[in-house]
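Engineer: Structure for the following, please:
(one chain, ligands or ions: 1)
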Amino acid sequence: MRVLVSGGAGYIGSHTVLALLEHGHDVVIVDDFANSKPTVLGRLETLSGKTIPLHAFDLTDADKTEHLFASEKFDAVIHFAGFKAVGESVEKPLDYYRNNLDSTFSLLRAMTRHGVDKLVFSSSATVYGDTAPVPYHEDYEPLSASSPYGRTKVMIERVLTDVATITDGFRVALLRYFNPVGAHPSGMIGEDPQGIPNNLMPFIAQVAVGRRDKLRVFGDDYPTKDGTGERDYIHVMDLAAGHVAALEHLPTMDEPVRAFNLGTGEGTSVLELLHAFERAVGHELPYEVVERRAGDLPAYWADPTRAQQELGWQATHTIDDMCADTWRWQSENPNGFPEG
Ligand code: UDP
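Structural biologist: Below is the predicted model of the structure:
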């Protein structure tokens, strides 16, 4: 298929671009580099041995989006583009709602106008809110989220469902990611957060490389195996493979919309992840236990059965793989991608 990948220069997008190329798909990237660097493109071309067409603009620009679809033919879209920082979304809710929703509206408008009817959407386990039973199952309702970022995911899932339901032949896969970590095994691409990382794995990696003094563990009095929060960490290479599986499944799907959890089905605590990272680095890493972070849930993980049964997809990488690959990327690129 010829696939337009929005946000293809980002963390999950870039790994998925490689997986798509490896599976024989043609890829076109649209990205405005709001939260990524253009130098990722050269790395993707080196790794794939292919030239990857790029359109550098903001999808909220409906005219430019329309022009792209008028001038090129696509079989499908994988829509990663969007703002994704939970804390920032609380500070700047309007920016989040405007950016994440408007870009989706532009895309949907152009897709329906030009007969592009296959879409894979980057959703998140955050749509299960704070009352869903663990493990999370795709049929849980009602969806809700505790941050404006998360609410954009809930809203976009709703919009896509409504549009697909009334558009003949339209097929949408909603991929609900758990906690993506890890990097390409080459060490050439990986997660490159701007500023102080909010997420656990990039923070640990920056402690290991000497960019941060120590990890702050947000609470050790949760009702979990060791008192620290448990999450379902999933290797970004598995996640990328999940997108290819979903894309290839779309033409055979009976319903217009289907949600799939992309997780391993296993919970790992903050201290377990830290200790796995210490094994990858070969020495202990400094940490201190501090107050719980507001809004954090104690523990959740996926029920990944549906993706296994319907997409034929399953996560295969272990926590040690995730740490080893993150460490290779971080140690070989201590400051992330070069400016260009
Ligand atoms: N966490 C932590 N210190 C940090 C960042 C995260 O202890 O500097 C904990 C957090 O409380 C949660 C887990 O690590 O239990 C995963 O947090 P992350 O922000 O990576 O993902 P999310 O909260 O979105 O699941």
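
Engineer: residues touching the residue in the stretch 1-150 of the chain that the ligand sits nearest to, list them.
Structural biologist: Here the stretch 1-150 of the chain gets closest to the ligand at one residue, residue 86, 6.5 Å apart by CB to the nearest ligand atom. (Each C-beta comes from the backbone N, C-alpha and C, glycine too.) By CB atoms under 8 Å, 6 or more residues apart in numbering, the residues touching residue 86 are 126, 147, 149-150, 198, 295.

Engineer: where's it relative to residue 47, distance?
Structural biologist: As judged by CB to CB, to the nearest Å, residue 86 and residue 47 stand 30 Å apart.

Engineer: avg pLDDT for stretch 214-221?
Structural biologist: The average pLDDT for stretch 214-221 rounds to 98.

Engineer: and that stretch, how far apart are its ends?
Structural biologist: For stretch 214-221, the separation between the terminal residues is 20 Å (CA to CA, to the nearest Å).

Engineer: Give me the distance from that stretch to the chain's centre.
Structural biologist: 24 Å (CA atoms, centre = their mean, to the nearest Å).

Engineer: got a list of contacts for that stretch?
Structural biologist: For stretch 214-221, the surrounding residues in contact (CB under 8 Å, 6+ apart) are 200, 203-204, 207, 226-229, 270-271, 274, 285-293, 296.

Engineer: Buried members of those residues into PyMOL, please.
Structural biologist: Buried subset of these, written as a PyMOL selection, criterion 16 or more other CB atoms under 10 Å:
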select buried, resi 200+203+204+207+227+228+229+270+271+274+287+289
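
Engineer: and the contacts of stretch 214-221 near the ligand, which?
Structural biologist: Subset of these in contact with the ligand: 200, 203, 229, 270, 293, 296, counting by CB under 6 Å from any ligand atom.

Engineer: The fifth one and residue 224, how far apart?
Structural biologist: With the distance defined as CB to CB, residue 293 ends up 14 Å from residue 224.

Engineer: Kindly report the same for the second one.
Structural biologist: For residue 203, the distance to residue 224 under the criterion CB to CB works out to 19 Å.

Engineer: can the one helix or strand residue 180 maps to be found next to the ligand?
Structural biologist: Residue 180 belongs to strand 179-181 when assigned by DSSP states H and E. Yes: contact of strand 179-181 with the ligand is found when judged by CB under 6 Å from any ligand atom, involving residue 179.

Engineer: Strand partners (parallel or antiparallel) of that strand?
Structural biologist: Strand 179-181 sits in its sheet next to strand 233-235 (parallel), going by DSSP bridges.

Engineer: Need the max-distance pair from the ones next to the ligand among the contacts of stretch 214-221.
Structural biologist: The distance between the two most remote of those (CB to CB) is 14.2 Å, for 203 and 296.

Engineer: Write out the residues of the stretch 101-250 of the chain neighbouring the ligand.
Structural biologist: 179, 198-200, 203, 216-218, 229, 231.

Engineer: from those residues, which two are the most distant?
Structural biologist: 179 and 216 (17.5 Å).

Engineer: Those two - which one has more neighbours?
Structural biologist: Between residue 179 and residue 216, counted using other CB atoms under 10 Å, the more crowded position is residue 179 (21 against 15).

Engineer: Can you tell me how far that one is from residue 302?
Structural biologist: Counting by CB to CB, the separation of residue 179 from residue 302 is 10 Å.

Engineer: Between those two, which contacts overlap?
Structural biologist: 125, 232.

Engineer: Can you tell me the number of residues neighbouring the residue lying closest to residue 144 once chain neighbours are set aside?
Structural biologist: Leaving out its chain neighbours, the residue that sits closest to residue 144 by CB to CB, 6 or more residues apart in numbering is residue 129, at 3.7 Å. Here the number of neighbours of residue 129 (other CB under 10 Å) works out to 16.

Engineer: so what's residue 129 up against?
Structural biologist: Shown in contact with residue 129 (CB under 8 Å, 6+ apart): 142-146.
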